[in-house]
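Participant: Sequence and predicted structure, then a few things I'm wondering about:
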Amino acid sequence: MRVVDITQSPGSTSEPTADRVGFSGNVAWVIDGATDFTNERTLPGISNVQWLVNLLDKTLLEIGASNEAVDPIQIFERIGEVTRTELAAIVPQGLGHHPCCSIGLAVFSDRMVQLGRIGDATLIAYQGDQVVGDVSTDFFERREAQAVHRSQEERQTGHEVVDAMFARRLEYIRGLHRESVFSGHPEAVFKVHTEKFPPDSADTVLICTDGFARCIVDYKILRSWADLKVDVHRHGLKEIASRIRKFEAQDRSNSSPTKFKQSDDLAAIVLAN
């Protein structure tokens, strides 16, 4: 596994990013922390979600360095165990709102390239200029668009919007739909989506959070994931991230918004096999 390019950017200059990107040994990852709208400070650090993403980033570094990682499902089970153990030690009485996140993982070996995600991370495998694997979902995007529309129709207050958001998150944590998110909640269900490829059928892998995926999914800055690989080769991930931020900074009229946050944290990594 060789890192070709890597980038990370906060969606707001007033808050630290809740996204993480990293690599260690034969493992690479992105973590997308769900914004903590309650300002709950039960856990050590500047926010509960920052505690979670920092713990996961640290644990994944250790897993990769051990050279014992076999597949994404095994890794998700391990970081779930670590998170639940740490939470039980810090807050044995439990939390009012459990922080959660999306995670995308790539595990490389001589025999296989394996991709796995929980939540709305995007993982794309390439062979040459062709996309040969796509581990992504539009489930969360559609659900958020519906919630935005409902909040406008019902003229919801800010408090009502946040309450509805946490109700949806608890559904995702408990695995009540075909998708889930990562959490240390005692009732958490991990619905892991995976693909695997022989090493000679996938030479490059992109892993990114939904903030970066907006360049294609929402903003149409690039036409396709195949075009993105060409653009990364020519200009690099940071230049694409810059174009995302410039697009978001434009004074444009959006009479039908589909997201609650105009600008999101982003993280992405490109790896060569």
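Facilitator: Sure, I can see it.
Participant: Quick one: neighbours of R78, just the number.
Facilitator: Neighbourhood size, R78 [other Cβ atoms under 10 Å]: 16. Where C-beta positions appear, they are placed from N, C-alpha and C, glycine not excepted.
Participant: ditto for the one 5 residues further on
Facilitator: For T83, the tally of surrounding residues (other Cβ under 10 Å) stands at 22.
Participant: so what's it closest to, chain neighbours aside?
Facilitator: Nearest residue to T83, sequence neighbours excluded (Cβ to Cβ, 6 or more residues apart in numbering): G184, at 3.7 Å.
Participant: so that neighbour makes contact with I79?
Facilitator: No: G184 is beyond contact range of I79, at 9.4 Å (criterion: Cβ atoms under 8 Å).
Participant: Could you tell me the phi and psi values at the residue nearest to T83?
Facilitator: With angles defined as degrees, to the nearest 10, G184 sits at phi -90, psi 10.
Participant: Against H97, how distant is T42?
Facilitator: Separation of T42 from H97 (Cβ to Cβ, to the nearest Å) stands at 9 Å.
Participant: which residues are common contacts for those two?
Facilitator: Residues touching both T42 and H97 (Cβ atoms under 8 Å, 6 or more residues apart in numbering) are N48.
Participant: Tell me how far I103 lies from S180.
Facilitator: Taking Cβ to Cβ, one finds I103 at 11 Å from S180.
Participant: now do V189
Facilitator: Distance from V189 to S180, by Cβ to Cβ: 6 Å.
Participant: what sits in contact with each of the two?
Facilitator: The contact sets of V189 and S180 overlap at I173, R174 (Cβ under 8 Å, 6+ apart).
Participant: which residues touch the residue nearest to T83?
Facilitator: G184 neighbours (Cβ under 8 Å, 6+ apart): L52, G80, T83, R84, E86, L87, H98, P99.
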